[in-house]
Structure formats: C-alpha cells, structure tokens
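A.B. asks: here you go, sequence then predicted model.
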Amino acid sequence: MSPLQRHSQAAFSERNSSAQIRERVSAGTISFAGPLLLVVARTVLLIASQAFVALLFFAKHHSDPWREAADWWTVYGTAADLGCLILLRYFTRREGIGFRDLIGTIHMRRAHDLWLGLGFYLLVFPVFLASGWLARKWFFASTSDLNRYLVHAHVAPLWAVLYGLFVWWILWSPTEEMTYQAYCLPRLEALTGRTWTAMLIVGFWWAAQHCALPFIPDWRYLAYRFVAFSPGVICLMLLYLRTRRLMPLIFAHWPMDIAAAIIHALY
C-alpha cells in the first residue's frame, strides 16, 4: 500500500472514531434521533416487508398469506437493507461523512482482513450454535417442534431461490454491520456516555431483528430467536469495540448468512 493509500485509509477510519463522534455530539451534529431510529429500523422494515408480501398472497386468495410470506425472507429482506441504507445516507450526510467512513480501514495486503474475519467467525459462530441449542432446549420439546417454524417444505420459484443464495447475503451482512456496529453503537455510546447502555440498546434490537426474520406471532418462537441470537450479537459488539474494525466482521458475518440461505433453499 502506498503512503497516499495509507493516509486515505487512516482518514476514513478517523472520521468514525470515538473522538470525532464525541466532537460531533458536542457540536449538535449528532442527536439521539439518528441512532434510535436506525437501531429499530431493520426490525420494523422486515415486518412491514413481510406484511406487504402477505398482502400480495392475500390478494391471490392464498389460505395462509402471512405464513407463506414468511418463506420469502431472503427476498424481502433486501427491502429492509435498502431502507436502512437510505436512512444511513441521510444521517451520515448530516455529519459530513459517508458509508466509506463507516466501514473504515480495510487491510487486504496478504488477505489480512480475510484471515482476521475467519478468526472472528471461528470465535463467534460456536457461540451462536451453543445459544441456539440452549434456546431450543428451553422453549421447544423437540427439534421437530422448532422445525415447523424454521425448516419445512415450501415452494419458491427458481429466481427467488437463486436470489437468496447469490444476492441477498452480499448486501445483508455489510448493511447489518454498518447499521448496528459502525453507526448506532458508537453514537449511542457517545450520547449516553456509557458503553454498557449503548450495548444494551443495540444488543436488544439486534437480537429482536432476528425475531422478525421471519416474524411469526408465537411467543415460543420469538423467545427462542431472541435468546438464540443475543449472546452472539454481544460477542460481535465486543469485537467491534475492541478493534473498531468493521471489514473483518463483515467477512465473519458472510459465512453465517450464506449458511442460513443454503438451509432455507434446501428445506
């Protein structure tokens, strides 16, 4: 990397640093409005997108439009991404920064960030597996009871299957990480003056997002999803707060979302 490239990378990282964010908070450029809106936006947008798809099925006289709409989450999930990107664009422009500043430094020399992302994945993925297993034990008598929500036969056209397998996750992981980690978490930390408060707010809504992917109005399912994802998102936040590096976390996130898309396509 040339000296000019290193300087550019450092500039991007600096604009979203804790010190710079605190300065913009003091100047009134950042308020609670942006991070509080963004932290709940993905959950709300997912439910709204599912409701829109359900209306289409209802108009075609399907017997269970809401449940059938739920099977399209790898398609309508992109609507939530686009909504968040629009909101992020609006609020970051008010700060005088952009998406590139949220992503920050990228180290691809000798695939540095890829290897770091792999390390993060190997660290965090077992947490998701363990918490998912425990949540299933707590809320469902058997795996088959859970599978009627998550793994069941459903029919989707080929284009929808291919979209989920090859397109959905490409946008989903970076948008999710930018929204919760790079934007909401450090700004709520600066606004509240407490890291644990920011983690509590972001962690709650980040886990709640997974209750809406898809949203099924059953308390056991919702409790299972929330408990299953809470420990993992806490680990992801701790890694970000420790390193302030987003790209390795995006690389770590992609394999998990790819696996989810493959499971959804197969069952």
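C.D. replies: Happy to help now that I have it.
A.B. asks: list the contacts for the most centrally placed residue in the chain?
C.D. replies: With distances taken as CA atoms, centre = their mean, the residue of the chain nearest its centroid is Glu176 (3.0 Å). Counting by CB atoms under 8 Å, 6 or more residues apart in numbering, Glu176 touches Arg42, Gln209, His253. Yep, even glycine has a C-beta here, placed from its N, CA and C like the rest.
A.B. asks: isn't the first one up against Cys211?
C.D. replies: Yep, that's Arg42 we're talking about. No - Arg42 lies out of contact with Cys211 (CB atoms under 8 Å); the separation is 11.2 Å.
A.B. asks: which stretches of the stretch 151-267 of the chain have low pLDDT?
C.D. replies: Residue ranges of the stretch 151-267 of the chain with pLDDT under 70: 151-154.
A.B. asks: need the helices for it, in chain order.
C.D. replies: With DSSP state H, counting those that start in this stretch, the ranges of helices along the stretch 151-267 of the chain come out as 158-163, 169-177, 185-192, 195-211, 219-243, 247-266.
A.B. asks: look up how far Arg42 lies from the residue nearest to the centre of the chain.
C.D. replies: As judged by CB to CB, to the nearest Å, Glu176 and Arg42 stand 7 Å apart.
A.B. asks: can you work out which residues contact both of the two?
C.D. replies: Shared contacts of Glu176 and Arg42 (CB under 8 Å, 6+ apart): Gln209.
A.B. asks: re earlier: any idea which of the helices of the stretch 151-267 of the chain is most buried?
C.D. replies: Mean neighbours per residue, mean count of other CB atoms under 10 Å, is largest over those for helix 185-192, with a mean of 22.
A.B. asks: neighbours of Leu37, how many?
C.D. replies: 15 (other CB atoms under 10 Å).
A.B. asks: which ones are touching it?
C.D. replies: Leu87, Phe91.
A.B. asks: output the below-cut-off pLDDT ranges for the stretch 1-150 of the chain.
C.D. replies: In the stretch 1-150 of the chain, residues with pLDDT under 70: 1-13, 143-150.
A.B. asks: where along it do the helices fall?
C.D. replies: For the stretch 1-150 of the chain, helices defined by DSSP H, counting those that start in this stretch occupy the ranges 3-15, 18-26, 33-59, 65-70, 73-95, 99-103, 112-139, 143-150.
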